[in-house]
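A.B. asks: I would like the atomic coordinates for the input below:
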Amino acid sequence: MANHFDHKLYQAWETRWQTTNDKERLSHLGLLMFHAKKRVLRTVLPVLAPRSVIEVGCGLGHILELYQQAGLNCLGIDVSPSAVRICEKKGLRVELKNVEHETRSFDLVSSDGMLEHFLNFEPMAQHMMRLSGRYVLLIQPNHGSFWGKTLPFLSELMKGDDNVLEYNYRIADFVDCFKQGGFAITMNLPIFADVFRILVFKRTHPV
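C.D. replies: Numbers count the residues shown, from 1 in each chain. Model prediction:
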């Protein structure tokens, strides 16, 4: 079950999405980052060829939109009512749900910039592995790269407000966690001058 820290995090995101007026407050830099993520994702998806996708913590649906545009059978879940409402307005298939309560299995379980916000990300990672029949795909900040350390600070200055708290997990921390859960790293690709990494994990044993 979600702990006190998780509940505070969920409330922080709900507060953020409540003030978006249906549009995420992205700087020009933020828009460039999202375009870069989508470009790399478009090269990855044909290799994975998933039959079904769930985007955990779908937020305002930027990555979920890409999955839908690719013709995939995709679902987004989020704990924020405001985020779900905005996604529904975009015509996206989305449910108000905590990943703990999801019981279906999906070829691909995906998240974009979510795990680094948890004080302890491993329980969330375990749920993602539980739901995955084949792959888990993460888009994570690379806090070990020069630009990964610098650009989030610059983005805050340009936007004039604070980002939701992030913990400085290393890419290796995610790789180790999923390896212990029976998922081997198959792709580790840089995005936007290595500010982010796309990590693809494949289940090593059948469900």
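
A.B. asks: right, and Glu116 touches Leu165 too?
C.D. replies: No: look at Glu116 against Leu165 with Cβ atoms under 8 Å: they stay out of range, at 9.2 Å. Just so you know, the C-beta spots here come from the backbone N, C-alpha and C atoms, and that holds for glycine as well.

A.B. asks: now for the chain, the helix or strand with the poorest mean pLDDT.
C.D. replies: Within the chain, no helix or strand scores below helix 146-159, which has a mean of 58 by mean pLDDT, DSSP states H and E.

A.B. asks: keeping just the C-alphas, turn the helix or strand immediately after that one in the chain into CSV.
C.D. replies: Remark: after helix 146-159, the chain's next helix or strand is helix 171-180, criterion DSSP states H and E. In CSV, the C-alpha atoms belonging to helix 171-180 read as follows (Å, rounded to 0.1, in the frame of the first residue of the first chain):
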residue,chain,number,x,y,z
ILE,A,171,20.6,4.5,-14.2
ALA,A,172,22.5,1.5,-12.7
ASP,A,173,20.0,1.5,-9.8
PHE,A,174,17.1,0.8,-12.1
VAL,A,175,19.1,-1.8,-14.1
ASP,A,176,20.0,-3.6,-10.8
CYS,A,177,16.4,-3.5,-9.5
PHE,A,178,14.9,-5.0,-12.7
LYS,A,179,17.7,-7.6,-13.0
GLN,A,180,16.8,-8.8,-9.5
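
A.B. asks: name every strand pairing with the next helix or strand after helix 171-180 and say which way it goes.
C.D. replies: Next along the chain after helix 171-180, taking DSSP H and E as the criterion, comes strand 183-191. Each strand paired with strand 183-191, and its direction, by DSSP bridges: strand 196-203 (antiparallel).

A.B. asks: below-threshold pLDDT in this structure: ranges please.
C.D. replies: Across the chain, the ranges flagged by pLDDT under 70 are 1-2, 4, 21-27, 147-164.

A.B. asks: where is the longest helix in it?
C.D. replies: helix 28-48 (DSSP state H).

A.B. asks: CA atoms only: put it into PDB for me.
C.D. replies: Output of helix 28-48 as PDB, limited to C-alpha atoms (Å, rounded to 0.1, in the frame of the first residue of the first chain):
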ATOM      1  CA  HIS A  28      10.500  25.800 -25.000                       C
ATOM      2  CA  LEU A  29      13.200  23.600 -23.600                       C
ATOM      3  CA  GLY A  30      10.600  21.200 -22.200                       C
ATOM      4  CA  LEU A  31       8.900  20.900 -25.600                       C
ATOM      5  CA  LEU A  32      12.200  20.100 -27.200                       C
ATOM      6  CA  MET A  33      12.700  17.300 -24.600                       C
ATOM      7  CA  PHE A  34       9.400  15.800 -25.300                       C
ATOM      8  CA  HIS A  35      10.000  15.800 -29.000                       C
ATOM      9  CA  ALA A  36      13.300  14.100 -28.500                       C
ATOM     10  CA  LYS A  37      11.700  11.400 -26.300                       C
ATOM     11  CA  LYS A  38       9.100  10.700 -29.000                       C
ATOM     12  CA  ARG A  39      11.700  10.500 -31.800                       C
ATOM     13  CA  VAL A  40      13.600   7.800 -30.000                       C
ATOM     14  CA  LEU A  41      10.400   6.000 -28.900                       C
ATOM     15  CA  ARG A  42       9.300   5.800 -32.600                       C
ATOM     16  CA  THR A  43      12.500   3.800 -33.400                       C
ATOM     17  CA  VAL A  44      12.000   1.500 -30.400                       C
ATOM     18  CA  LEU A  45       8.400   0.500 -30.800                       C
ATOM     19  CA  PRO A  46       8.700  -1.400 -34.100                       C
ATOM     20  CA  VAL A  47      11.500  -3.600 -32.500                       C
ATOM     21  CA  LEU A  48       9.300  -4.400 -29.400                       C
END
